[in-house]
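In: Dropping the sequence and predicted coords here.
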Amino acid sequence: MLELGKYADAILSSWAITLGLLIALILVTWRRSVQVKRELDAAEERAKRND
């Protein structure tokens with residue numbers, strides 16, 4: 001493992017926080033895309049029925 005010296009705690013905690021935030025961002029984006037796709041599919045169905 002890399003020798004991080006006296007800053008090891010700060011560096012590793014920064015990496016952990018960054019990784020956690022990236023994972024959270026990916027999950028939020030994925031959930032939102034699923035929701036928007038569901039809404040678009042419903043809107044298309046309504047449009048087909050109205051034609």
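Out: Yep, it's here.

In: Assign V34 to helix, strand or coil.
Out: helix (DSSP: H, G, I helix; E, B strand; the rest coil).

In: so where do the helices sit in the protein?
Out: Taking DSSP state H, the helices of the chain run over residues 8-50.

In: In it, where is pLDDT below threshold?
Out: Applying pLDDT under 70 to the chain picks out residues 1.

In: how much space between A42 and N50?
Out: 13 Å (C-beta to C-beta, to the nearest Å). From N, CA and C alone the C-beta is placed, and that goes for glycine too.

In: I should have written E44 there, sorry.
Out: Taken as C-beta to C-beta, the span from E44 to N50 is 11 Å.

In: Kindly report the same for I26.
Out: In terms of C-beta to C-beta, I26 sits 36 Å off from N50.

In: neighbour count winner among the two?
Out: Higher neighbour count among I26 and N50: I26, with 10 against 6, using other C-beta atoms under 10 Å.

In: For the more buried one, give me its contacts.
Out: By C-beta atoms under 8 Å, 6 or more residues apart in numbering, the contact list for I26 is empty.
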